[in-house]
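Colleague: sequence plus the predicted model coming up.
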Amino acid sequence: MKPLLLVDGYNVIGAWRVPREERLSIEEARDRLVHLIADYAGYSGEEVIVVFDGHYTDRAARTRQSVNGVEVVFTRHAESADNYIEAACEAAPKRRHVRVATSDAVEQTVTLGRGAVRSSSREFLMELEQVRRVGRTRMREERVSRGDIFSRLPPHQKEIFDRMRKGEE
């Protein structure tokens, strides 16, 4: 069972300097964050759910969509992201590793009490950036060493295939 990461989307955006520095609209900040998290999820192997508050909207129903393998949830009117995250922690099987990314102190306490591990929004943003850096480095290294499949074989296997190619076996 994959570990589960629940992200309080607006809380993370509030701790993130990029939207302020680049004067992003809230929609642009949400899209950029979800894109970064999707990249992260590809490397981490976690199931990720990003939750955005619909608490102060007139949205009658909760909406869900999958964006590049990340589930994005917008809560309904009168439901906060905190409510959704708490319920998700409660519903998760006890043996499943659950982590919550938020800097909301009350939310951290409640989710810890329900068996989840917490990451502050700043810690999570640093983790996102570190994973992107490592991923970029790994891709560059793979691009340099990629070549053909034959070049990546161990020497003894290369000898076997080379003999087969020459008809010696």
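Modeller: All right, it came through fine. Remember, predicted model here, so these are calculated numbers, not experimental data.

Colleague: which residue ranges of the protein form helices?
Modeller: Taking DSSP state H, the helices of the chain run over residues 9-15, 17-21, 26-44, 81-91, 105-113, 121-145, 155-165.

Colleague: which outside residues touch the third one?
Modeller: Residues from elsewhere that reach helix 26-44, judged by Cβ atoms under 8 Å, 6 or more residues apart in numbering: 3, 5, 7, 9, 12-13, 16, 18-19, 24, 47-48, 50, 52, 67-70, 72, 127-128, 131-132, 134-135. Backbone N, C-alpha and C define where each C-beta goes, glycine included.

Colleague: circling back to that earlier point, can you redo the helices of the chain as a markdown table with mean neighbour count, mean pLDDT and distance to Ala60?
Modeller: Shown next, in a markdown table, are the helices of the chain (neighbours: other Cβ atoms under 10 Å; pLDDT from 0 to 100; distance: least, Cβ to Cβ, whole Å):
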| stretch | mean neighbour count | mean pLDDT | distance to Ala60 |
| --- | --- | --- | --- |
| helix 9-15 | 20 | 95 | 20 |
| helix 17-21 | 12 | 95 | 28 |
| helix 26-44 | 17 | 93 | 20 |
| helix 81-91 | 19 | 91 | 16 |
| helix 105-113 | 15 | 77 | 24 |
| helix 121-145 | 13 | 77 | 29 |
| helix 155-165 | 11 | 80 | 61 |
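
Colleague: any chance of a markdown table for these, columns distance to Val98?
Modeller: What follows is those, written out as a markdown table (distance: least, Cβ to Cβ, whole Å):
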| stretch | distance to Val98 |
| --- | --- |
| helix 9-15 | 17 |
| helix 17-21 | 27 |
| helix 26-44 | 14 |
| helix 81-91 | 6 |
| helix 105-113 | 8 |
| helix 121-145 | 14 |
| helix 155-165 | 43 |
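
Colleague: Arg59 is nearest to which of the ones you listed?
Modeller: helix 81-91 (12.7 Å; Cβ to Cβ).

Colleague: that closest one packs against which elements?
Modeller: Contacting helix 81-91 under the criterion 3 or more Cβ pairs under 8 Å, 6 or more residues apart in numbering; DSSP states H and E are the following elements: strand 4-8, helix 9-15, strand 47-52, strand 98-101, helix 105-113.
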